[in-house]
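A.B. asks: Just the structure for this:
(one chain, ligands or ions: 3)
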Amino acid sequence: MTDTDQRELWTAVDHYLTDLLAPDDEALSAALTSSDEAGLPAIAVAGNQGKLLHLLATLQGARRILEIGTLGGYSTIWLARAVQDGGRVITLEYSEKHAEVARANIDRAGLSSVAEVRVGAALDTLPLLAAEPGAAPFDLFFIDADKVNNPRYVEWALKLSRPGSLIIVDNVVRNGGVLQTDGTDPSIRGTREMFDLIAAEPRLDATAVQTVGVKGYDGLLLARVVG
Ligand code: SAH
Ligand code: DHB
Ligand code: MG
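C.D. replies: Numbers count the residues shown, from 1 in each chain. Ligands and ions are numbered 1, 2, ... in the order given. Have a look, this model is predicted:
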């Protein structure tokens, strides 16, 4: 099979699974359409991955969720729909334009009282969030922003966690790029530093799995805070 055939097969299977188990409703597909129309890159999680985030948040009984990297709010909507009554999602986004699109999408989904978009580089907004009385601990973190800062984001997540919190990191395999040791790609460097940090951190119990599908070949990391 050629690489193109392979990719087409992954895509077809993703459509099969997603159409059956995790179809976008009106608000989710509107979030993607409006993101596209506004010129945002098409890099939101796939529908079946959004559903995975939703299931994990539900299993976790999450009431407070922190997302780093909002884009147009597609993953935010999946997460916000899983929080328990009175729960909150805070999502951090660097781009004012992305944040504006996301706010409209969250509003259209009827979730503006659940999900709040905060604009700025996450490494600037995280300390502000941490200083707010009662903001932490979060029950679940979804880290999906600039990969070079993944080690810092995992450190922040630990700081803002409680024993039992779940940390999820997107895009940790990158077409196998994670094996590159030459340090030329800052995203790969950040991801590898993050893996080293997690492997050496006794307060984190983690695994990572490779994924294929409409988003190509990539992977997800899951880590539970154990104390
Ligand atoms: N979680 C989204 C996709 C996020 S794409 C979804 O699945 O629907 C990554 C996002 O991270 C982009 O919108 C990008 O602008 C944002 N980003 C990049 N660098 C950032 C930073 N330093 N702080 C916060 N957000 C950042
Ligand atoms: C990119 C970022 C993502 O978060 C993702 O899921 C896929 C691609 C990117 O920056 O190319
Ligand atoms: Mg991603």
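
A.B. asks: Is the helix or strand D5 falls within positioned near ligand 2?
C.D. replies: Element membership of D5, judged by DSSP states H and E, is helix 3-21. No - judged by CB under 6 Å from any ligand atom, helix 3-21 makes no contact with ligand 2; its nearest approach is 13.8 Å. Every C-beta, even on glycine, is put in place using the N, C-alpha and C of the backbone.

A.B. asks: List the buried residues for the following helix or strand past that helix?
C.D. replies: Following the chain from helix 3-21 toward its C-terminal end, the next helix or strand by DSSP H and E is helix 26-37. Using 16 or more other CB atoms under 10 Å as the test for burial, helix 26-37 gives 27-28, 30-32, 34-35.

A.B. asks: Not counting its neighbours along the chain, what's nearest whatever residue of the chain ends up closest to ligand 2?
C.D. replies: Proximity of the chain to ligand 2 (CB to the nearest ligand atom) peaks at I43, 3.9 Å away. If the residues on either side of it in the chain are set aside, I43 comes closest to L71, at 6.7 Å by CB to CB, 6 or more residues apart in numbering.

A.B. asks: SS state for the one you found?
C.D. replies: L71 falls in the coil class when you classify it by DSSP: H, G, I helix; E, B strand; the rest coil.

A.B. asks: these two touch, right, it and T91?
C.D. replies: No - in terms of CB atoms under 8 Å, L71 does not count as a neighbour of T91; the distance is 9.4 Å.

A.B. asks: intersection of neighbour lists for those two?
C.D. replies: Listed contacts common to L71 and T91 are A102; contacts here mean CB atoms under 8 Å, 6 or more residues apart in numbering.

A.B. asks: Strands of this protein, start to end?
C.D. replies: Counting by DSSP state E, the chain has these strands, from start to end: 64-68, 88-93, 115-119, 140-143, 166-170, 204-213, 216-225.

A.B. asks: thinking again about what came up before, got a markdown table for the buried residues of helix 26-37, with pLDDT and distance to ligand 1 too?
C.D. replies: Conversion of those to a markdown table gives the following (pLDDT from 0 to 100; distance: CB to the nearest ligand atom, whole Å):
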| residue | pLDDT | distance to ligand 1 |
| --- | --- | --- |
| A27 | 98 | 13 |
| L28 | 98 | 10 |
| A30 | 98 | 13 |
| A31 | 98 | 8 |
| L32 | 98 | 9 |
| S34 | 98 | 12 |
| S35 | 98 | 8 |
